[in-house]
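Trainee: got a predicted model here, sequence first, then my questions.
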Amino acid sequence: MSEASDAKHRRLQELVDDIVARLAKETERGEVADYIPELAKVDPNRFGMAIVPVDTGRAVVAGDGDVPFSIQSISKVFSLTLALEKVGEALWKRVNREPSGDPFNSIVQLEYEKGVPRNPFINAGAIVVADVIMEGLSPKDATNDMLGLCRRLAHDGSVYVDRNVARSERLTGARNRALAQFMAAEGNLRGSVEDVVTTYFNHCSIAMTCRQLATAGMYLACAGIPIGATDASINADRARRLMALMMTCGQYDASGEFAFRIGIPSKSGVGGGILAVMPGVASIAVWSPGLDAKGNSLLGTRALEELVRATGWSVFGRIPDRD
């Protein structure tokens, strides 16, 4: 690596170290997702961050960036990738592509729109995506397909499904079963409700570190071609569409505010993680378990806001200094 690249790497490392060190001291950290018992056990003081730049593929990691956590709804980016590879544009007959404006587990909109979810990143939409993935497969095989994709993208065979989290979700997932039952009643679910929600819970229970997650997101930052890998599930057009959905729907009913404040495609999970992408520049992962009122990582969002202000990263042009 050239001297200039080394210097750039050091500057980015110093920036990330500074952000993590300062935010790790914050006392206002949000609330962990205690409605999933296993997530309630996570230490709210954890804070990790990782960035993988496109030009080098060399990870910058700070804090708890090598500690595995439950990626939860961030998995919806990867499951959507699999579903699009499996059925292509036919997927959009069963799930729409518009922001919801409602909480991620709302049933009101689903009833109004006759069992067709507003987008694939709310729970109902991801359940339909899981149904597409598992068509002709058992929940175990559908889970293995998803796990295989995450491992390939992360270049790391140690990515795993946290069985304790999956069990916890199955035991407390009545609302998600209700969403699935409603869609089944409207003819938009083809597998058995229990098999589909089991697959969905398993996908959400995948555990990754910030380093692994940022590496896995490189296929988006690199316009569909991850560094050093090829995959049938990935292409430039699909990456572009995924990032569009991440920008408009990736933070649930806070997506507009996130775009306004931060301005890069992202997907959050109630495990406290956020995967964010600056197209052509870098893939970023942050993790802080405490959530805000919308279900997004409180300090993770702040870390990304500080990062884009320091670097100028934004799909809308360079962000000006704070007034």
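Mentor: Yep, that arrived. Here the structure is a predicted model, which is why all the values come from computation and not from measurement.
Trainee: residue 126: what's it in contact with?
Mentor: By C-beta atoms under 8 Å, 6 or more residues apart in numbering, the contact set of residue 126 is 73, 76, 79, 80, 120, 200, 203. (C-beta placed from N, C-alpha, C; glycine too.)
Trainee: of the residues you listed, which belong to helices?
Mentor: Among the contacts of residue 126, the ones falling in helices (DSSP state H) are 76, 79, 80, 200, 203.
Trainee: which one of the contacts of residue 126 is nearest to residue 34?
Mentor: Sorting those by how near they are to residue 34, with C-beta to C-beta, puts residue 73 at the top with 16.5 Å.
Trainee: do a quick rundown of the helices in this structure.
Mentor: Going by DSSP H, the chain shows helices at 3-23, 37-40, 75-87, 108-112, 123-133, 139-154, 163-172, 174-185, 193-204, 210-216, 218-221, 236-249, 255-261, 298-311.
Trainee: go ahead and build a PyMOL selection from the buried members of the ones in helices among the contacts of residue 126.
Mentor: Applied in PyMOL, the following selects the buried portion of the ones in helices among the contacts of residue 126 according to 16 or more other C-beta atoms under 10 Å:
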select buried, resi 76+79+80+200+203
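Trainee: the ones in helices among the contacts of residue 126: which two are farthest apart?
Mentor: For the ones in helices among the contacts of residue 126, the maximum inter-member distance is 12.5 Å, found between 80 and 200 (C-beta to C-beta).
Trainee: ok so, going back, dump the contacts of residue 126 to JSON lines, plus distance to residue 35 and pLDDT.
Mentor: Compiled in JSON lines, these are given as follows (distance: C-beta to C-beta, whole Å; pLDDT from 0 to 100):
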{"residue": "73", "distance to residue 35": "14", "pLDDT": "96"}
{"residue": "76", "distance to residue 35": "18", "pLDDT": "97"}
{"residue": "79", "distance to residue 35": "21", "pLDDT": "97"}
{"residue": "80", "distance to residue 35": "24", "pLDDT": "97"}
{"residue": "120", "distance to residue 35": "22", "pLDDT": "96"}
{"residue": "200", "distance to residue 35": "16", "pLDDT": "97"}
{"residue": "203", "distance to residue 35": "18", "pLDDT": "98"}
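Trainee: okay if I get those residues as TSV plus distance to residue 23?
Mentor: Rendered in TSV, the data for the contacts of residue 126 read as follows (distance: C-beta to C-beta, whole Å):
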residue	distance to residue 23
73	22
76	26
79	30
80	30
120	31
200	32
203	29
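Trainee: quick one on the thing from earlier: closest to residue 253 out of the ones in helices among the contacts of residue 126?
Mentor: Ranked by distance to residue 253 (C-beta to C-beta), the ones in helices among the contacts of residue 126 are led by residue 76 at 15.4 Å.
Trainee: now do the contacts for the closest one.
Mentor: The neighbourhood of residue 76, defined by C-beta under 8 Å, 6+ apart, consists of 120, 121, 125, 126, 129, 203, 267.
Trainee: surely the first one and residue 246 touch.
Mentor: No - under the criterion of C-beta atoms under 8 Å, residue 120 makes no contact with residue 246, lying 10.6 Å away.
Trainee: quick check: phi and psi at residue 288.
Mentor: Geometry field for residue 288 lists phi and psi as phi -150, psi 120, criterion degrees, to the nearest 10.
Trainee: how many neighbours does it have?
Mentor: Neighbours of residue 288 under the rule other C-beta atoms under 10 Å: 31.
Trainee: can you give me the distance of the nearest residue to it once chain neighbours are set aside to residue 290?
Mentor: Closest residue to residue 288 apart from its sequence neighbours, by C-beta to C-beta, 6 or more residues apart in numbering: residue 299 at 3.9 Å. When distances are taken as C-beta to C-beta, to the nearest Å, residue 299 and residue 290 turn out to be 7 Å apart.
Trainee: shared neighbours of the two, which are they?
Mentor: Residues touching both residue 299 and residue 290 (C-beta under 8 Å, 6+ apart) are 29, 30.
Trainee: show me which of the two is the more surrounded one.
Mentor: residue 299 (27 against 21).
Trainee: quick one: the more buried one from residue 147, how far?
Mentor: Distance of residue 299 to residue 147, computed by C-beta to C-beta: 28 Å.
Trainee: for residue 185, give me its contacts.
Mentor: When the contact criterion is C-beta under 8 Å, 6+ apart, the partners of residue 185 are residue 115.
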